[in-house]
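Undergrad: quick one: sequence plus predicted model below, questions after.
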Amino acid sequence: MSYSRTSEPVKLERDCAAVLVPQGDKVTLPAGSIGYITQALGGSFTVFIEGNLFRIAGEDADALGKEPPAPLSLADESDDEAVEQLVWKQLRTCFDPEIPVNIVELGLVYSCDIERVEGGKRRAVIRMTLTAPACGMGDILVEDVRSKVERVPTVEEADVELVFDPPWNQSMMSDVARLETGML
């Protein structure tokens with residue numbers, strides 16, 4: 001699990017797209033903003049600047065003086081099972097910026113199916129939920145899942161459906177998630 005909780009000081013090297021946590025509002029943080037990286041998880045960063053938490057995507061890591069995530073690779077002859085394994089690996093890089101546990105361990109991903117589409121490409125069909133239906137970060141998490149899964153070679157489209165039936169509850173969390181959040 002890629003996991004880091006820090007309080008590393010940071011000064012933005014350029015204007016940077018960010019998402020206000022937990023509201024989910026998209027903002028631009030100006031170059032020169034000073035704060036702290038509070039979490040570096042799954043290639044994304046949560047930063048504390050001027051009394052607010054912001055999520056910064058991995059592709060903007062350079063604004064923090066960090067390296068963006070490396071591109072994914074897959075052998076040309078990979079079968080659907082290998083693609084599905086890489087998709088699940090990508091899902092484990094998706095985090096709610098307020099909870100230091102990935103969405104798979106939290107039990108938020110209900111299913112992931114790989115379908116063949118034209119030209120030998122694939123579509124990943126993912127059903128997931130949120131810890132709370134009114135979560136302001138819901139759309140941001142769905143987009144994070146979609147964009148990370150679509151980085152998997154041969155996956156042309158990630159169809160991410162947000163569902164609330166069955167409702168999520170703490171019993172869906174893995175033991176790892178319960179231990180990390182102090183619920184074990």
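TA: That came through fine.
Undergrad: list the contacts for residue 122?
TA: 80, 83, 114, 115, 116, 154, 155, 156 (CB atoms under 8 Å, 6 or more residues apart in numbering). For every residue, glycine as well, the C-beta is placed using N, CA and C.
Undergrad: wait, the last one touches residue 116, no?
TA: No: using CB atoms under 8 Å, residue 156 is not in contact with residue 116, being 10.2 Å away.
Undergrad: what is in contact with those two at once?
TA: Between them, residue 156 and residue 116 share the contacting residues 122, 123, judged by CB under 8 Å, 6+ apart.
Undergrad: now the strands for the chain?
TA: Secondary structure of the chain by DSSP state E: the strands cover 5-11, 16-21, 26-29, 34-41, 44-49, 52-56, 109-116, 122-128, 155-162.
Undergrad: dump the ones you listed into TSV; add distance to residue 168 and mean pLDDT as well.
TA: Below are those laid out as TSV (distance: least, CB to CB, whole Å; pLDDT from 0 to 100):
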stretch	distance to residue 168	mean pLDDT
strand 5-11	23	82
strand 16-21	19	94
strand 26-29	25	96
strand 34-41	20	92
strand 44-49	21	93
strand 52-56	20	94
strand 109-116	9	96
strand 122-128	9	97
strand 155-162	11	96
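Undergrad: out of those, which is closest to residue 62?
TA: Closest approach to residue 62 among these (CB to CB): strand 16-21, 9.0 Å.
Undergrad: who does the closest one touch, helix- and strand-wise?
TA: On a contact count with 3 or more CB pairs under 8 Å, 6 or more residues apart in numbering; DSSP states H and E, strand 16-21 meets strand 26-29, strand 52-56.
Undergrad: quick check: buried residues in the longest one?
TA: Going by neighbour count (16 or more other CB atoms under 10 Å), the buried part of strand 52-56 is 53, 54, 55, 56.
Undergrad: ok, so of those residues, who is nearest residue 13?
TA: Checking these one by one against residue 13 (CB to CB), the nearest turns out to be residue 56, at 11.9 Å.
Undergrad: so the closest one makes contact with residue 18?
TA: Yes: with contact defined as CB under 8 Å, residue 56 counts as touching residue 18 (5.1 Å).
Undergrad: shared neighbours, the two?
TA: By CB under 8 Å, 6+ apart, the residues touching both residue 56 and residue 18 are 29, 47.
Undergrad: picking that back up, max pairwise distance over the contacts of residue 122: which two?
TA: The widest separation within the contacts of residue 122 (CB to CB) is 13.7 Å, between 80 and 156.
Undergrad: perfect, I'm done here.
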